[in-house]
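[1] here's a sequence, model it:
(one chain, ligands or ions: 1)
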Amino acid sequence: MSGKREAAPRRRLLGIMCIITALCLAATALLWKLGRFPGENDRFVIPSHIIICLDPGHGGSDAGAVSGERLEKDDNLAMALAVRDALEAFGSDRLSVLLTREDDSALELQQRVDIANEANATLFVSFHRNSGGGQGTEIWVSAEGRQPEIRLAGFISEGLNSVGVGRDRGIRRGTAGNAAVSYAVVGRTKMPACLVELGFIDSEADNALLDEHFDAYAVAIADGILKMVNLK
Ligand SMILES: [Zn+2]
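    Residues are numbered from 1 along each chain as shown. This next block holds a predicted model:
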């Protein structure tokens with residue numbers, strides 16, 4: 001009799017342990033699926049010398065989006081140059097900045113990727129402006145949505161939001177047309193990369209915000225990059 005009385009609590013304990021184990025396994029599987037565990041592409045090691053590659057979208061005969069006299073390629077270049085200035089003004093001898101273009105020259109997407117990969121850049125940020133009748137900023141990462149690029153995009157997004165944007169359209173995976181495909185400059189670069197759409201060029205409100213807060217946006221993006229490499 002006494003043996004039976006002891007067996008019941010033991011069975012209950014065993015049952016509870018089984019349930020806990022099952023829950024732990026389910027949580028592990030879920031976290032794995034969500035990409036919360038670092039995989040091969042989720043490691044981000046900050047090198048002793050940090051190279052930030054900034055990529056002003058479009059250029060030359062490719063104006064990008066156009067709104068009246070305003071050309072996307074010009075806004076992209078101006079912002080990339082301002083971010084470079086902000087990064088250089090930070091004055092770390094551990095940091096250097098590389099631009100895929102510094103003037104109105106045309107570049108293929110693969111050339112931009114090659115510049116970053118051949119330099120073994122630490123981070124890559126591409127600058128663009130949206131069009132098509134919306135409003136606000138958005139940041140694109142690869143379709144896979146790797147943790148370091150989401151973190152980089154998050155730091156930049158936080159900074160832009162603290163300055164003030166028309167609307168925070170979020171951090172998005174893939175491309176506007178297909179969530180399963182990455183933008184070339186984000187998907188083919190080997191380092192954490194993101195593509196910033198700094199408002200809609202066909203939105204007067206977004207253009208006014210960009211013009212008013214131009215320097216503050218540049219500093220916010222630079223600060224986001226500096227946070228990503230633990231310099232801020
Ligand atoms: Zn563009």
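
[2] switch to C-alpha atoms for all contacts and neighbour counts from now on
    OK.

[3] measure the residue nearest the centre of the chain to Asp103 for me?
    The structure's the chain has its C-alpha centroid closest to Ala153; by Cα atoms, centre = their mean the separation is 2.9 Å. Distance, Ala153 to Asp103, by Cα to Cα, to the nearest Å: 25 Å.

[4] quick one: end-to-end distance for stretch 52-62.
    24 Å.

[5] pull the distance from it to the chain's centre.
    17 Å (Cα atoms, centre = their mean, to the nearest Å).

[6] average pLDDT across it?
    What stretch 52-62 shows for mean pLDDT is 98.

[7] other residues contacting it?
    The contact list for stretch 52-62, computed with Cα atoms under 8 Å, 6 or more residues apart in numbering, reads 64, 72-74, 76-77, 79-80, 84, 95-101, 103-107, 112, 116, 121-128.

[8] all strands for this protein, in order.
    50-56, 66-67, 70-71, 95-99, 123-130, 137-141, 168-173, 193-200 (DSSP state E).

[9] I'd like the average pLDDT over the second one.
    In this case it means strand 66-67. The average pLDDT for strand 66-67 rounds to 98.

[10] partner strands of it, parallel or antiparallel?
    Strand 66-67 sits in its sheet next to strand 70-71 (antiparallel), going by DSSP bridges.

[11] and Val125, how far is that from Arg12?
    Distance, Val125 to Arg12, using Cα to Cα: 56 Å.

[12] who has more neighbours, those two?
    Val125 (26 against 11; other Cα atoms under 10 Å).

[13] surely that one touches Leu195?
    Yes - using Cα atoms under 8 Å, Val125 is in contact with Leu195, at 5.8 Å.

[14] which among the contacts of stretch 52-62 end up buried?
    64, 72-74, 76-77, 79-80, 84, 95-101, 104, 106-107, 112, 116, 121-128 (16 or more other Cα atoms under 10 Å).

[15] where does pLDDT dip in this structure?
    Within the chain, the set of residues satisfying pLDDT under 70 comprises 1-7, 18, 28-41.

[16] which parts of it are helices?
    According to DSSP state H, the chain carries its helices in the segments 2-33, 72-90, 109-118, 147-163, 184-187, 204-212, 214-228.

[17] okay, the ones you listed in a markdown table with distance to Asn178 next?
    Shown next, in a markdown table, are those (distance: least, Cα to Cα, whole Å):
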| stretch | distance to Asn178 |
| --- | --- |
| helix 2-33 | 20 |
| helix 72-90 | 22 |
| helix 109-118 | 18 |
| helix 147-163 | 18 |
| helix 184-187 | 13 |
| helix 204-212 | 25 |
| helix 214-228 | 26 |
